[in-house]
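Peer 1: Attaching a predicted model along with its sequence, questions to come.
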Amino acid sequence: MSSAGYGLNPQHVTRKEVDIMDTNINSTTLSLVKGDITQQDTEAIVNAANSRLAGGGGVDGAIHRAGGPGIMEECRKIGGCPTGSAVITTGGNLKARYVIHAVGPVYRDGKGKEKKLLESTYRNSLEIAIEKGIKSISFPSISTGAYGYPIKEASKIALCTIIDFIKANKELDIIRFVLFSESDLKVYEESLGKVKGEG
Ligand code: ADP
């Protein structure tokens, strides 16, 4: 923990009946909240997409349902996206102006490239956001649903990657993790505590 301003002072606040944990890192606020990614008012939300950008269940289905058919039309034109990478479309009818479609790895046994691919999924999403001048972004817990990544491990990888990124890049004001259940939120809170301890 060398850089000045890397002030990690997590604050538990209850706002609008949702549990929020805020941590300030350099000029970025990293928040953990329980909620629905489709309802977020950040400039961009991230979709846990598949490599064909074909829609599906979970986050993907919810985003296309809430955002309308325009998002899928844009996805069809883009055609696809390799695992570990991300592409951007507009947000259709969503509050968010953009959707960043990020393709996380399918978890097999953790002995392959899963970790590297999950790291690059988060990093590429953040890089696209910066290229577009986006200041606020919401992430779901990528790969921990249908793709089977154990959430304890995935949450540490996600948080480490994001913290490393915001230590090196000051452009983003808000990065929000939107966890779908109380138990997922708890896992992320615990992982954030551990990751900061190692920081
Ligand atoms: P993946 O295929 O990358 O595993 P999923 O969409 O199946 O992605 O699941 C990723 C995580 O997102 C899971 O923890 C799931 O519970 C959660 N999730 C599902 N729907 C939503 C939603 N509307 N908002 C936020 N998180 C969601």
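Peer 2: Looks like it arrived, so ask away. Residues are numbered from 1 along each chain as shown.
Peer 1: where in this structure is pLDDT low?
Peer 2: Along the chain, the model assigns pLDDT under 70 to residues 1-19, 199.
Peer 1: Write out the residues of it neighbouring the ligand.
Peer 2: 36-38, 48, 58-60, 62, 104, 140-147, 178, 180, 184 (CB under 6 Å from any ligand atom). Heads up, the C-betas are built off the backbone N, CA and C, glycines and all.
Peer 1: Go again with 8 Å.
Peer 2: 35-38, 48-50, 56-63, 104, 106, 140-149, 151, 178-181, 184 (CB under 8 Å from any ligand atom).
Peer 1: tell me, what residue is most central in this protein?
Peer 2: The residue lying closest to the centre of the chain (CA atoms, centre = their mean) is residue 139, at 2.3 Å.
Peer 1: Quick check: it touching residue 176?
Peer 2: Yes: contact status for residue 139 versus residue 176: in contact at 7.1 Å, counting by CB atoms under 8 Å.
Peer 1: Mind checking which of the residues of the chain next to the ligand are buried?
Peer 2: Buried members of the residues of the chain next to the ligand, counted by 16 or more other CB atoms under 10 Å: 35, 37-38, 48-50, 56, 58-60, 62-63, 104, 106, 140-145, 147, 149, 151, 178-180, 184.
Peer 1: Out of those, which sit inside strands?
Peer 2: 48, 178-179 (DSSP state E).
Peer 1: So which residues make contact with the strand or helix carrying residue 100?
Peer 2: Residue 100 is located in strand 98-102, with elements delineated by DSSP states H and E. Strand 98-102 is contacted from outside by 43-49, 53, 63, 67, 71, 75, 81, 85-92, 121-122, 124-125, 128-129, 132, 134, 137, 142, using CB atoms under 8 Å, 6 or more residues apart in numbering.
Peer 1: Drop anything exposed from those residues.
Peer 2: Buried members of those, scored by 16+ other CB under 10 Å, are 43-49, 53, 63, 67, 71, 75, 81, 85-89, 91-92, 121-122, 124-125, 128-129, 134, 137, 142.
Peer 1: which ones among the residues of the chain next to the ligand are found in helices?
Peer 2: The helices, defined by DSSP state H, take in 58-63, 151, 184 from those.
Peer 1: what's the neighbour count on residue 39?
Peer 2: Residue 39 has 14 neighbours, counted by other CB atoms under 10 Å.
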